[in-house]
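Enquirer: A structural model of the following input is requested.
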Amino acid sequence: MTSLLPIVLLGFFLGMRHATDPDHVIAVTTIVARHRRTGGAALIGALWGLGHTLTILVVGAGIILLGWVIPPRLGLSLELAVGGMLIVLGLVNLSGFAQGITESATPGGHDHSAAHVHPHAHGDYVHTHVHGHNPESHPHSPEQTPLARIDRRLGSLGGYQFVRPVVVGIVHGLAGSAAVALLVLTTIRDPGWSILYLAVFGLGTVAGMMLITTAIAWPLARGGARFAGLHRGLRLASGLVSLGFGVMLAYKIGVIDGLFGASPNWTPR
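Expert: Model prediction:
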């Protein structure tokens, strides 16, 4: 049994590599693009990894211990959900960027006592519009942001703020858990060691995604106002890439792999 220990430990590093898959990085970048603190970005990565790990453990255990078989149409549908989520995340970022461009077209000076434009935060909602300082003046109150409205309605759920990145991780885990579990079955025959491998693999994805999200947010946190343009550019770029990748993924799954046809062709990967 002890000879299997190196294989299980290898799962940690494979989990870290798994976190760098393009669809994973694109999804978390669209979320991190709204944040300027490395601590908040690392927490997003950890929560994404937690959701991803929970799904892999549940589905993987079902395949390994209970012999679950995922039909091709269901497998493709789970992967299509990732494409749809990327499209939604991209549109959200692009709509926020477009709103900032529209509002920045309003004349304003650079004097803090006059109306001017720069990205600023209301809690964890970062956006741009014309406002003034000394005295402080905004066209809206902090409670009138989109996230504040949602928070007021769902705040009673408790822990709602931590659910959003977890849900994104769960969707990604649903699409990839079958491939990971089947790979484990072909390598490790003992069910107990197989489940341990999945858990260590999940911890690797948590660590890998925390490193990725921290690296994305670090220049924004260090640069402050000097990197305001970089912050807007990251939001635009992440929105465009997420939207484009999501559309491409949806086309591949729906048309090329035949999800919308009579004979879907799915290979877990």
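Enquirer: alpha carbons only for contacts and neighbour counts from here, please
Expert: Will do.
Enquirer: quick one: buried residues of stretch 18-32?
Expert: With burial defined by 16 or more other CA atoms under 10 Å, the residues of stretch 18-32 counted as buried are H18, A19, D23, H24, V25, I26, A27, V28, T29, T30, I31, V32.
Enquirer: could you list every residue that touches the third one?
Expert: Yep, that's D23 we're talking about. Contact analysis of D23 by CA atoms under 8 Å, 6 or more residues apart in numbering lists L86, F245.
Enquirer: quick one: which helix or strand includes it?
Expert: Take DSSP states H and E as the rule and D23 turns out to sit in helix 22-32.
Enquirer: for that helix, what is the average pLDDT?
Expert: The average pLDDT within helix 22-32 is 89.
Enquirer: tell me the angle of the helix or strand that that helix is followed by relative to helix 22-32?
Expert: Remark: after helix 22-32, the chain's next helix or strand is helix 38-66, criterion DSSP H and E. Interaxial angle, helix 38-66 versus helix 22-32 (axes from the mean of the first three to the mean of the last three CA atoms, to 10 degrees): 140 degrees.
Enquirer: and H52, how many neighbours?
Expert: Here the number of neighbours of H52 (other CA atoms under 10 Å) works out to 29.
Enquirer: Surely it is in contact with G176?
Expert: No - assessed by CA atoms under 8 Å, H52 is found out of contact with G176, at 9.1 Å.
Enquirer: picking that back up, so which of the buried residues of stretch 18-32 would you say is closest to S238?
Expert: When the buried residues of stretch 18-32 are ranked by distance to S238 (CA to CA), T30 comes first, at 5.4 Å.
Enquirer: just to revisit the earlier point, and which of the buried residues of stretch 18-32 is nearest to L80?
Expert: For the buried residues of stretch 18-32, the nearest to L80 is D23 (11.9 Å; CA to CA).
Enquirer: May I have the residues that are in contact with G173?
Expert: G51, H52, T53, L54, T55, I56.
Enquirer: With the flanking residues excluded, which residue is spatially nearest to the third one?
Expert: For T53, ignoring the flanking residues on the chain, the nearest one in space by CA to CA, 6 or more residues apart in numbering is G202 at 4.6 Å.
Enquirer: And the strands in this structure, which stretches?
Expert: 116-122, 125-131 (DSSP state E).
Enquirer: still on that earlier bit, and the contacts of G173, which two are furthest apart?
Expert: Spatially, the most separated pair among the contacts of G173 is G51 and I56, at 8.8 Å (CA to CA).
Enquirer: So which residues of the stretch 151-269 of the chain form helices?
Expert: 160-187, 191-223, 228-251 (DSSP state H, counting those that start in this stretch).
Enquirer: List the contacts of the last one.
Expert: Helix 228-251 is contacted by residues 23, 26-27, 29-30, 33-34, 80, 82-94, 97, 118-119, 220 when judged by CA under 8 Å, 6+ apart.
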